[in-house]
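Engineer: All I have is the shape, not the residue letters:
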Ligand code: SF4
Ligand code: SF4
């Protein structure tokens, strides 16, 4: 599967514990990464030396990304809740 343009669901729904540019402690679930443009849902550090490994390592899949942005937000939020140790 190829990453859908103007989606960014994986930059919002999941918590990320690794450092992100400008977010040294990562981010909470549901929080927008500060590198995500909130209107176009594109990443401002994509294809730069700042692009983090955690984002390179996340590969689009039907299971995570679904058929559209809302399905991706739903799936990733569901996985976040299911894997939350608290
Ligand atoms: S949720 Fe999937 S399709 Fe959407 S930006 Fe992330 S990898 Fe791409
Ligand atoms: S750095 Fe870019 S790809 Fe990674 S979470 Fe933030 S906006 Fe998304």
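Structural biologist: That came in fine, so what should we check first? Note that the structure is a prediction, hence the values are computed from the model and not measured. Numbering: from 1, shown residues only. Ligands and ions are numbered 1, 2, ... in the order given.

Engineer: Just the strands from the protein, written as ranges.
Structural biologist: Remark: strands of the chain are absent; assignment by DSSP state E.

Engineer: just for it, where's the confidence low?
Structural biologist: Low-confidence segments of the chain, defined by pLDDT under 70, are absent; every residue clears the threshold.

Engineer: What lies in contact with the longest helix along it?
Structural biologist: Using DSSP state H, we find that the single longest helix of the chain is helix 69-83. Contact partners of helix 69-83, identified using C-beta atoms under 8 Å, 6 or more residues apart in numbering, comprise 4, 6-10, 12-15, 29-30, 41, 63-66. Where you see a C-beta, it was placed from the backbone N, CA and C, and this is true even at glycine.

Engineer: Okay, buried residues for it please.
Structural biologist: Across helix 69-83, burial judged by 16 or more other C-beta atoms under 10 Å covers 69, 72, 73, 75, 76, 77.

Engineer: go on, stretch 45-54?
Structural biologist: Along stretch 45-54, these residues count as buried under the neighbour rule (16+ other C-beta under 10 Å): 45, 51, 52.

Engineer: For the residues you listed, give me CSV that also has distance to ligand 2.
Structural biologist: Below are those laid out as CSV (distance: C-beta to the nearest ligand atom, whole Å):
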residue, distance to ligand 2
45, 5
51, 7
52, 6
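
Engineer: possible to save the residues you listed as a markdown table with distance to residue 35?
Structural biologist: Converted to a markdown table, the buried residues of stretch 45-54 look like this (distance: C-beta to C-beta, whole Å):
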| residue | distance to residue 35 |
| --- | --- |
| 45 | 5 |
| 51 | 9 |
| 52 | 9 |
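
Engineer: so what's residue 14 up against?
Structural biologist: When the contact criterion is C-beta under 8 Å, 6+ apart, the partners of residue 14 are 29, 76, 79, 80.

Engineer: Quickly check: stretch 54-63 near ligand 1 or not.
Structural biologist: Yes: applying C-beta under 6 Å from any ligand atom, one finds stretch 54-63 touching ligand 1 at residue 60.
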